[in-house]
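Novice: Predicted model and sequence follow; I will ask about them next.
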Amino acid sequence: MAWQGKVLRVDLSRGACASEPLNRAWAEDYLGQRGLASRYLAAEMEPNADALAPENVLIFATGPLTGTAASTGGRYSVITKGALTNAIACSNCGGFFGAELKMAGYDMVIVEGRAAKPVYLLIRDDAVEILPAAGFVWGRSTWDTEDLLRARHHEPQLRIASIGVAGERLVRFACIINDRDRAAGRSGVGAVMGSKRLKAIAVRGTKGVAVAKPARFLKAVAAARVKLESNPSRTRLATYGTMAMMDVTNAYGSLPTRNCRDVTFEGAGRINAKTMRAKRKSDGRANLVANKACFGCTIACGRVVRIDPAHFSVKGKENTEYGGAVGGLEYESAFALGPMCGVDDIEAASYASAVCNEQGMDPISFGATLAAAMELYETGALTARETGGLKLNFGSAEALAKAAELTGRAEGFGRELGLGARRLCEKYKRPELAMAVKGQEFPGYDPRAMQGMALAYATSNRGACHLKASPFTDDFARVETSGKAKIVKDSQDVVAAIDSTGLCLFTRNAWDLDDYASQLDAALGGGWKPARLVAVGERIWNLERQFNLAAGLTADDDTLPARVLKEAAKTGAGKGHVAGLGRMLPEYYRLRGWDAKGVPTAKTLKRLGLG
């Protein structure tokens, strides 16, 4: 069946690797990827351990449909205790690395301890080696690391997940990059990898992935694919990528701008999908070169761009990768590097995004942290003396580009930015300026116009997140808080289940739970129905909550910055509104079966098999 049935355990402290059978009972209860790895994490470490200590556990996990013929079946997740949040982290990623790991015969890789010196892990099916990285790839970018590892091992088809200098130097929002621009991006999973002195995992797999009932599986896959391909959202994503959202949020008044001081951006039209496709006056080319897809994907939402060679950010770099095609802006990176910082320069934002890919940084957290620094600077809490002469004014494309370079190398004021918004603002005595939840910076949806997202941010187990719940349709229809708690709770459970399949969440625009269940049922040999998926998702959510409570988080962490709780939106659909969290949170706790302090009751835990 679609589980490979094998886990690779890597003890970096001892320099030892060994495979072991997958815990099949846990797989039946938690499915795979996010759910199953979270179960392993909860069993194998003390939640109150320091995220950057050897006791933290770092897990690379695939889902049962990863590496199969299912559309978008290339996903994997990195699960650990987040360096940014001190909460459970699950960072979902696309590209080709996940499928390659699955085809090498492993459902997951569990990394423990800390290497005495920098190393990388080489996996060729059953052959696994821990090899020295110092003097070779340690200190190099993720792009260089991919090239050097393929060249050294004479294997152009190696798939590599690595950290850049940001991860090595423990930038709190460092991420893990594979395929040059696909990121396990949030919560600081790259810093955890760097703390273990693990530079990269390079994989070549040739075993394939078997399913329990091939004929029935291919029939279910084909039916789901037809449904996906005919859906308008797929066409929109293929044509415009996620960048289409820029115009939507700006028109609605939910585009976080200048550190959430505003909810619309006057320069949005200069940094949107239309501008990305328009020909430049300087060279007659568009910023956008092409779109691209991950393994098994029939959507192809990824962007490939060529930054204007005449732009200040690229001058002097014409003979580097910045002079060629690089991964382009997605909505979340564009909002954070653009409107959140008041910048309307699409070439500068594209450059900063590419730096984030090259050095392994989450562009959402970087952009939102820079926005906080800009407000600190403009209000006098930061001066040019602290910034090393960097003028951090809102709207400065030059500051954006330079700050990305410095933070990616953790040099100069980049070391301060690498703390993340919460730690930075606390250091400079203005904690209220950090637009973050549980230490994780806001994505691109202001929670005053989008009340469901307000609740989703506050209750997300990994900190502020737009991907762990789906209240979008209702939020773009009405600002009222009524009914939002159920929408958020139910969608959190469904998303947790989908995150555990090995499939991309974007399929949810076209598929219902029957489409996921039918593919899983054939791949795993029966017993998978929509109701079981929902139960799995609810179990995962409560397991993550238990981990966070044991790590020291409380109901006090289920909140939002004072700015969005007390300062009403000035324009847009949410004009005159603040985030109505106080009206929604008690109902959410009740629907979850938690007490007034946000703790799952004994009855809830028993029902879910967690007691």
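Specialist: On my side now, so go ahead.
Novice: Which pLDDT value goes with Thr387?
Specialist: At Thr387, the model reports a pLDDT of 98.
Novice: residues contacting it?
Specialist: Contacts for Thr387 (Cβ atoms under 8 Å, 6 or more residues apart in numbering) come out as Ala373, Tyr377, Phe413. C-betas here are computed from N, CA, C, even on glycine.
Novice: switch the cut-off to 7 Å
Specialist: Thr387 is in contact with Tyr377, Phe413, counting by Cβ atoms under 7 Å, 6 or more residues apart in numbering.
Novice: list the buried ones in stretch 284-301?
Specialist: Going by neighbour count (16 or more other Cβ atoms under 10 Å), the buried part of stretch 284-301 is Asn287, Leu288, Asn291, Lys292, Ala293, Cys294, Phe295, Gly296, Cys297, Ile299, Ala300, Cys301.
Novice: Pull up the distance across that stretch, start to finish.
Specialist: One end of stretch 284-301 to the other measures 24 Å (Cα to Cα, to the nearest Å).
Novice: One more: stretch 385-400?
Specialist: 18 Å.
Novice: low-confidence ranges in the stretch 101-250 of the chain?
Specialist: Low-confidence segments of the stretch 101-250 of the chain, defined by pLDDT under 70: none present.
Novice: Tell me the secondary structure at Ile201.
Specialist: strand (DSSP: H, G, I helix; E, B strand; the rest coil).
Novice: which non-adjacent residue is nearest it?
Specialist: Leu121 (4.6 Å; Cβ to Cβ, 6 or more residues apart in numbering).
Novice: can you tell me how far that neighbour sits from Val165?
Specialist: Separation of Leu121 from Val165 (Cβ to Cβ, to the nearest Å) stands at 19 Å.
Novice: Kindly report the same for Arg478.
Specialist: If you go by Cβ to Cβ, the gap between Arg478 and Val165 works out to 45 Å.
Novice: Tell me which of those two has more neighbours.
Specialist: Val165 (23 against 13; other Cβ atoms under 10 Å).
Novice: got a list of what the more buried one touches?
Specialist: Contacts of Val165 (Cβ under 7 Å, 6+ apart): Gly139, Ser141, Gln359, Gly408, Arg409, Ala410.
Novice: thinking the fourth one is in contact with Asn357, fair?
Specialist: No. Shown here, Gly408 and Asn357 do not form a contact pair, counting by Cβ atoms under 7 Å, at 9.7 Å.
Novice: ranges for the strands of the stretch 101-250 of the chain?
Specialist: In the stretch 101-250 of the chain, the strands defined using DSSP state E, counting those that start in this stretch lie at 108-112, 119-124, 127-132, 159-162, 176-178, 182-184, 198-204.
Novice: do you know which of the ones you listed lies nearest Asp556?
Specialist: strand 182-184 (28.4 Å; Cβ to Cβ).
Novice: Check the offset of that closest one from the chain's centre.
Specialist: Relative to its chain's centre, strand 182-184 lies at 7 Å (Cα atoms, centre = their mean, to the nearest Å).
Novice: again, but for stretch 496-505
Specialist: 13 Å.
Novice: For it, what is the spacing between the initial and final residues?
Specialist: Start-to-end, stretch 496-505 (Cα to Cα) is 10 Å.
Novice: Residues touching it, excluding its own?
Specialist: 30-36, 62-66, 70, 72-73, 75, 77, 90, 92, 94, 297, 467, 495, 508, 516, 520, 533-534, 536-537, 540-541.
Novice: so for it, what's the average pLDDT?
Specialist: In the prediction, stretch 496-505 has an average pLDDT of 98.
Novice: out of the buried residues of stretch 284-301, which are inside strands?
Specialist: Of the buried residues of stretch 284-301, the ones assigned to strands by DSSP state E are Leu288, Asn291, Lys292.
Novice: From those, pick the one nearest Arg14.
Specialist: The closest of these, once distances to Arg14 are taken by Cβ to Cβ, is Lys292, at 39.9 Å.
Novice: Ile299 is in contact with that closest one, correct?
Specialist: No. Between Lys292 and Ile299 there is no contact under Cβ under 7 Å: 10.5 Å.
Novice: Look up which helix or strand the residue nearest to Leu392 when sequence neighbours are not counted falls in, please.
Specialist: With sequence-adjacent residues excluded and distances taken as Cβ to Cβ, 6+ apart, Leu392 is closest to Tyr377, at 3.8 Å. Using DSSP states H and E, Tyr377 sits within helix 363-378.
Novice: and that helix, what does it pack onto?
Specialist: helix 331-337, helix 346-359, helix 397-409, helix 414-417, helix 421-427, strand 440-441 (3 or more Cβ pairs under 7 Å, 6 or more residues apart in numbering; DSSP states H and E).
Novice: give me the number of residues near the residue nearest to Ile201?
Specialist: 23.
Novice: so it makes contact with Ala127?
Specialist: No. The criterion here is Cβ under 7 Å, and Leu121 misses it with Ala127 at 11.5 Å.
Novice: quick one: stretch 250-265 to chain centroid distance?
Specialist: With Cα atoms, centre = their mean, you get 22 Å for stretch 250-265.
Novice: hey, what's the closest residue to Ala368 other than its chain neighbours bridged with?
Specialist: Counting by Cβ to Cβ, 6+ apart, Glu441 is the residue found nearest to Ala368 once chain neighbours are left out, at 3.5 Å. Beta bridges link Glu441 to Ala436, judged by DSSP bridges.
Novice: OK, contacts around Val109?
Specialist: With Cβ under 7 Å, 6+ apart, Val109 has these contacts: Leu8, Val10, Phe60, Leu101, Ile201.
Novice: most neighbours, which of those?
Specialist: When the contacts of Val109 are compared by neighbour count (other Cβ under 10 Å), Phe60 ends up highest, at 31 neighbours.
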